[in-house]
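*Asks:* okay, structure incoming, though there's no sequence with it:
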């Protein structure tokens with residue numbers, strides 16, 4: 001069996017004395033796309049923060065490329081080859097598009113394929129058109145493109161997106177999903193949080209549903225589509241993939 005690129009095995013996570021994750025299990029294979037699904041506050045962002053060393057963990061292990069990372073500081077985890085597109089995008093509003101992209105790549109040795117400005121602009125032509133604009137002059141969709149491009153400039157083996165298309169117009173959502181499919185086709189592994197089950201089912205190879213810090217269901221897209229009661233139970237009415 002091929003060793004996972006990312007493996008979270010039996011991990012508990014805590015905010016102070018409050019436990020947020022319980023024996024979390026998750027794996028992402030090289031070049032695959034995996035979805036983290038659940039209602040708000042069920043542990044999706046906490047799972048991402050745990051793998052990035054931003055919340056305290058106990059028990060179990062988190063491995064990336066076969067090496068334990070759960071005892072490393074966040075900056076060393078990022079340099080191991082994990083690129084984050086955070087919820088809310090968090091771009092630098094007082095830097096230009098070009099400066100946002102260059103800033104994250106400065107002094108970084110890519111773990112995966114090297115990304116240049118031209119390559120990012122090829123993926124997102126709109127960023128080339130807006131490269132002289134300040135971050136706070138961009139639309140929400142353009143800011144999300146910039147956040148993805150910024151993460152790619154670090155040369156990641158794994159791209160992690162927290163709420164990939166939240167708050168975006170339908171046309172922009174389609175463009176983001178198309179770009180993620182292209183990145184997957186180029187061999188970049190993807191871990192994505194989003195509420196669009198239809199898009200997730202088309203992009204992702206496996207899905208993990210979280211409920212109150214527990215992984216309560218996992219399976220491939222075929223299994224998710226064949227079990228409409230699963231998203232209905234854990235995500236609410238109207239959550240069945242289309």
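*Replies:* Okay, I see it. Because the structure is predicted, anything quoted here is derived from the model rather than measured. Residues are numbered from 1 along each chain as shown.

*Asks:* CA only for contacts and neighbour counts going forward, please
*Replies:* Fine.

*Asks:* and residue 226, how many neighbours does it have?
*Replies:* 10 (other Cα atoms under 10 Å).

*Asks:* what does the model give it for pLDDT?
*Replies:* Per-residue pLDDT puts residue 226 at 91.

*Asks:* so which elements touch the helix or strand hosting residue 176?
*Replies:* Per DSSP states H and E, residue 176 falls inside helix 170-185. Using 3 or more Cα pairs under 8 Å, 6 or more residues apart in numbering; DSSP states H and E, the elements in contact with helix 170-185 are helix 140-152, helix 197-203.

*Asks:* need the winner for burial among these.
*Replies:* Most buried of the helices and strands packed on helix 170-185, by mean neighbour count (mean count of other Cα atoms under 10 Å): helix 140-152, with a mean of 24.

*Asks:* so how far is that helix from its chain's centroid?
*Replies:* Chain-centre distance of helix 140-152: 12 Å, with Cα atoms, centre = their mean, to the nearest Å.

*Asks:* report the inter-axis angle for it versus helix 170-185.
*Replies:* Helix 140-152 runs at 20 degrees relative to helix 170-185, counting by axes from the mean of the first three to the mean of the last three Cα atoms, to 10 degrees.

*Asks:* who does whatever helix or strand comes next after helix 140-152 pair up with?
*Replies:* Sequence-wise, the next helix or strand downstream of helix 140-152 (DSSP H and E) is strand 158-162. Here strand 158-162 is paired, per DSSP bridges, with strand 82-85 (parallel), strand 189-193 (parallel).

*Asks:* need the residues that contact strand 158-162.
*Replies:* Identification of contacts with strand 158-162 by Cα atoms under 8 Å, 6 or more residues apart in numbering yields 45, 48, 81-87, 151-152, 188-194.

*Asks:* so where does the residue nearest to residue 173 when sequence neighbours are not counted fall, helix or strand?
*Replies:* Closest residue to residue 173 apart from its sequence neighbours, by Cα to Cα, 6 or more residues apart in numbering: residue 165 at 5.6 Å. Per DSSP H and E, residue 165 falls between elements, in no helix or strand.

*Asks:* quick check: phi and psi at residue 165.
*Replies:* Note on residue 165: its backbone torsions stand at phi -130, psi 20 [degrees, to the nearest 10].

*Asks:* what about the helices in the protein?
*Replies:* Taking DSSP state H as the test, the helices found in the chain are 44-51, 74-79, 97-105, 117-123, 125-129, 140-152, 170-185, 197-203, 221-226, 229-235.

*Asks:* all good on my end, thank you.
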